[in-house]
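# okay, sequence plus prediction incoming.
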Amino acid sequence: MSEAKKIKITQTGSVIDQLENHKRTIEALGLGRPNYWVVKTDTPQIRGMINVVRHLVRVEEVR
């Protein structure tokens, strides 16, 4: 049985002057300030949230 894939999401941009739904998506991902990062399970829901704020985050696979 394989373990679920994990991804590291790093916030690279500020939410100042961003749309309200972008601010809420960043908050829902557990981020808040540039250079904050979280490790999440790679799911379609998380990938969808990343896609909304792709200009504000960097994604890396965790091994």
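Okay, I see it.

# now stretch 4-13: how far from the chain's centre is it?
Centre-to-centre, stretch 4-13 and its host chain are 5 Å apart (CA atoms, centre = their mean, to the nearest Å).

# so which residues make contact with that stretch?
26, 29, 31-42, 46, 50, 55-62 (CB atoms under 8 Å, 6 or more residues apart in numbering). From N, CA and C alone the C-beta is placed, and that goes for glycine too.

# out of these, which end up buried?
26, 29, 31, 40, 46, 50, 56-57 (16 or more other CB atoms under 10 Å).

# need the residues you listed in CSV (columns: distance to residue 20).
Output for the buried ones among the contacts of stretch 4-13, formatted as CSV (distance: CB to CB, whole Å):
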residue, distance to residue 20
26, 11
29, 15
31, 16
40, 22
46, 20
50, 18
56, 14
57, 17
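
# and those residues, which of them are in helices?
26, 46, 50 (DSSP state H).
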